[in-house]
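Participant: Starting from these lines, generate the structure:
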Amino acid sequence: MTEREIIIYKTRPKLILLSITLCGFAWFQLLSILIIKSVNTQFGVLSISFIICFETLSLTALYYFLTMRGIKLSGKTLCVYHLYLPMREEFTFEEIRSLHQTKEKVIINEGVLSKSGYNFYHITTIILLKNDKVIKLYSIGEMDFKELNQTFQRLRRGEGKIKVQKRHIFLYLLDNLHDVFMTIFFLFITIGLGYALLFG
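Facilitator: Numbers count the residues shown, from 1 in each chain. Down below sits the predicted model:
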């Protein structure tokens, strides 16, 4: 393999995005099955509307899962790739003006369930090219980006030979620590609903 082909660093998608999209797909499919089972063969306008709504939401979740993107770094290029589709864009380091991440605080249910509401951060990874094209990714965590950016800067400066970096599962879970409990919750609800429908 040439220096250009060896993958030195590869990002992993955030756990919460994986769990929301996969569980969302399964959950809305199961809700459609629940409606189909409950109405037998007597479909009305309301039941058909709900089925169409749930199927649309399910397919939307599947679409977001399939179009999730990540970044691969090799000795000379940065590649933006789809995790589950054979599509990618490759750029030489000379084409890239900057690589940075923004963090925006989002508050949900402020004043409804509690005074402060539920806070989370919307993180965007931005690649700005020299031709002013902007590429935005939403699937890269903060620690993952820090490692990616450090490796990118070292490769760009040509700091000798850099070893292929493997990301350990512990660091991945640490980067996604606040998402682990939500993921377990989503899995618990999805498995519970599936079990009740299939075996209940």
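Participant: Residue 66 versus residue 196, what's the distance?
Facilitator: Applying C-beta to C-beta, to the nearest Å, the value for residue 196 to residue 66 is 28 Å. Every C-beta, even on glycine, is put in place using the N, C-alpha and C of the backbone.
Participant: Over to residue 197?
Facilitator: For residue 197, the distance to residue 66 (C-beta to C-beta) stands at 25 Å.
Participant: ok, which stretches of the chain are helices?
Facilitator: Taking DSSP state H to define them, one finds helices in the chain at 15-39, 45-66, 142-157, 169-175, 177-199.
Participant: Tell me which residues of the least confident helix or strand in the chain by mean pLDDT come out buried.
Facilitator: The helix or strand of the chain with the lowest confidence, counting by mean pLDDT, DSSP states H and E, is helix 169-175 at a mean of 77. Neighbour counts over helix 169-175 (16 or more other C-beta atoms under 10 Å) mark 172, 175 as buried.
Participant: what's it packed up against?
Facilitator: helix 142-157 (3 or more C-beta pairs under 8 Å, 6 or more residues apart in numbering; DSSP states H and E).
Participant: which helices and strands does the helix it packs on pack with?
Facilitator: Taking 3+ C-beta pairs under 8 Å, 6+ apart as the contact cut, helix 142-157 packs with strand 7-10, strand 69-74, strand 96-108, strand 118-129, helix 169-175.
Participant: Go ahead and name everything in contact with the last one.
Facilitator: Meaning helix 169-175. With C-beta atoms under 8 Å, 6 or more residues apart in numbering as the contact definition, helix 169-175 has outside contacts at 12, 14, 15, 141, 142, 143, 144, 180.
Participant: The second one too?
Facilitator: Surrounding strand 69-74, the residues in contact under the criterion C-beta under 8 Å, 6+ apart are 3-13, 78-83, 125, 127, 137, 139-140, 148, 151-152, 155.
Participant: now do the shortest one
Facilitator: Outside strand 7-10, the residues that touch it by C-beta under 8 Å, 6+ apart are 70-75, 147-148, 151-152, 155, 162-165, 167.
Participant: Whichever of those residues end up buried, select them in ChimeraX.
Facilitator: Buried subset of those, written as a ChimeraX selection, criterion 16+ other C-beta under 10 Å:
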select :70,71,72,73,74,75,147,148,152,155,167
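Participant: Flag whichever of the contacts of strand 7-10 scores worst on pLDDT.
Facilitator: Across these, the member with the lowest pLDDT is residue 167, scoring 66.
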